[in-house]
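Undergrad: Sharing a model prediction with you, sequence too.
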Amino acid sequence: MFRNMAASLIKSVRIDEDDPDRPKVPGRIVTTVPKAKELRPFVERLITIAKKAQHSEEAAAEHATNAERNSDAWRQWRQSDEWQKWSEAKAPSITARRRAYSLLRDHDAVDILFDELVKRFAERDGGYTRVVRLAERRLGDNGQQALIEFVGVKDRTRRAPSQAPLVTDDEEETTEDESAESTEQVDDSTDSPEATAASEAEADETESAAEDEDQKS
């Protein structure tokens, strides 16, 4: 069961636009939550096998030839020491492909695994897939559904936290000077002669009014 589901997930990376049953999103399938959780380590194990074989592929490419198969140049390369080096470097990759095929039993899925997914996850160590629960339940048994997909497509990125604006020394000095000037202005307005005279006049008027009331009474 997981063999077929893993092959379907891997093959969904390549979308045929003419296929009426093509997936809406590449690299994604929908299944139940328990199956998705069990499928995830199976698929990630396959990707790990393919990534380990990538080093031998790169080493073998140094001794490979571009000559057409069965041509004279190809036959000369086949009988040279370069072919022997290529064969020794290629052996781990061939073993990995056979191992992946024994788990998938699908040539197309193995090709996609070694040709495309390995390049996508070259800089990633683990965590190649994710499982997302869906709110909609499956018709019939009302089972909870989930999607399993390869990461790297439509990934959410965290927004960087906002930082407080930086204040330079010049701005701090300017702010302090402005605060000092405003404080001095308030003190000057409070202690000015005009303000003092006005306060004394108001006090005299209040006392005169109080004396008049006492005389009337």
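TA: Here it is on my side, so go on.

Undergrad: low-scoring pLDDT stretches of this structure, where are they?
TA: For the chain, the stretches with pLDDT under 70 are 153-217.

Undergrad: In space, what's closest to V43 - neighbours in sequence excluded?
TA: Nearest residue to V43, sequence neighbours excluded (C-beta to C-beta, 6 or more residues apart in numbering): A6, at 5.2 Å. Quick note: C-beta positions are derived from backbone N, CA and C, even for glycine.

Undergrad: Apologies, that question was intended for F150.
TA: Sequence neighbours aside, G27 is the residue nearest to F150 in space, at 4.1 Å (criterion: C-beta to C-beta, 6+ apart).

Undergrad: show me where the protein has helices.
TA: Along the chain, counting by DSSP state H, helices occupy 2-11, 33-61, 72-78, 81-104, 107-112, 118-120, 169-191, 193-216.

Undergrad: Tally up the residues packed near the residue nearest to V43, please.
TA: Counted with other C-beta atoms under 10 Å, the neighbours of A6 add up to 23.

Undergrad: and the residue nearest to F150, what is it in contact with?
TA: The contact partners of G27, by C-beta atoms under 8 Å, 6 or more residues apart in numbering, come to L9, S12, V13, E149, F150, V153.

Undergrad: I'd like to know which of those residues are buried.
TA: Among the contacts of G27, those scoring as buried are L9, S12, V13, E149, F150 (criterion: 16 or more other C-beta atoms under 10 Å).

Undergrad: which residues touch the fourth one?
TA: When you say that, I think you mean E149. Taking C-beta under 8 Å, 6+ apart as the criterion, E149 is in contact with L9, V25, G27, R28, I29, T129, R130, V132.

Undergrad: Any of those residues buried? List them.
TA: L9, G27, R28, I29, T129.

Undergrad: Which member of those is positioned nearest G140?
TA: Nearest to G140, judged by C-beta to C-beta, of the buried ones among the contacts of E149 is I29 at 18.2 Å.

Undergrad: ok, the closest one touching F150?
TA: No. Taking C-beta atoms under 8 Å as the definition, I29 is not a contact partner of F150, at 10.4 Å.

Undergrad: so E44 sits right up against R124, yeah?
TA: No. Between E44 and R124 there is no contact under C-beta under 8 Å: 10.8 Å.

Undergrad: So for the two, which sits in the more crowded spot?
TA: Between E44 and R124, E44 has the larger neighbour count (other C-beta under 10 Å), namely 15 against 12.

Undergrad: and the closest residue to that one other than its chain neighbours, what does it touch?
TA: Counting by C-beta to C-beta, 6+ apart, Y128 is the residue found nearest to E44 once chain neighbours are left out, at 5.2 Å. By C-beta under 8 Å, 6+ apart, Y128 lies in contact with V43, E44, I47, L117, F121, F150, V151.
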